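Participant: need a structure here:
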Amino acid sequence: MASAAILEQKKQIVAELAEKMKNAAGGVLVNYQGITVEDDTKLRAELRKAGVEYAVVKNTLTSKACDLVGFEGLKEHLNGMTAMAISATDPVAPAKILNEYAEKHENFTFKAGFADGELLDVNGVKALAAIPSKEVLVAKMLGSLQSSLYSFAYVLQAIIDKENGGSEEAAEA
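Facilitator: Numbering: from 1, shown residues only. Reported below is the predicted structural model:
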């Protein structure tokens, strides 16, 4: 029988995980079976750089945290070797980084995920991973704005040229 200290420790782990999941912008569950320690270390370093927390927590503890947060739909994916990546600020970062890794390692697969409080299946996580980065989206938007402003300036210049051209012709006559 588990001692009171161990039970209290497990309750603390569940409470902390539930809090992280509740406050996270996004997270992904993966099957990490068959990856090497060296590959795992590289993956963790890349995730840390992006501000993503990656951990292996017992499925039973993760299941209890899912109950507390209202993510009961994730519980069906909590079997086998499961790791979770959570980002407090960027809902796309965990999916994007893990997707790049999964493309290079066939044993590393998505199980499910969540973004902004909504649960995602494997296809949803892959769709999330396909979204361009925030920097790319901002650059595209600024390019569109710049293009529109350029077109507007061109039209204004054409009107000015037409008016100036018309008054010069009248002055010559």
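
Participant: ok, now which ones touch the residue nearest in space to the middle of the chain?
Facilitator: Note on the chain: the residue nearest the mean C-alpha position is V92, at 1.3 Å, using CA atoms, centre = their mean. By CB atoms under 8 Å, 6 or more residues apart in numbering, the residues touching V92 are G26, A115, L128, A129, I131, S133, K134. (Glycine included, C-beta is placed from N, CA and C.)

Participant: Among those, which ones are in strands?
Facilitator: In strands, judged by DSSP state E, the following of those are found: G26, A115.

Participant: which strands and helices sit next to whichever strand or helix holds E46?
Facilitator: Using DSSP states H and E, E46 sits in helix 37-49. Packing partners of helix 37-49 (3 or more CB pairs under 8 Å, 6 or more residues apart in numbering; DSSP states H and E): strand 52-55, helix 93-104.

Participant: I'd like the distance from it to the chain centre, please.
Facilitator: Between the centre of helix 37-49 and the centre of its chain there are 17 Å (CA atoms, centre = their mean, to the nearest Å).

Participant: How far off centre is stretch 23-34?
Facilitator: With CA atoms, centre = their mean as the basis, stretch 23-34 stands 11 Å off its chain's centre.

Participant: To clarify, my last question referred to stretch 16-28.
Facilitator: Distance, centroid of stretch 16-28 to centroid of chain: 13 Å (CA atoms, centre = their mean).

Participant: now swap in stretch 91-101 and tell me
Facilitator: 6 Å.

Participant: Counting neighbours, which bits of that stretch end up buried?
Facilitator: P91, V92, A93, P94, A95, K96, I97, L98, N99, Y101 (16 or more other CB atoms under 10 Å).
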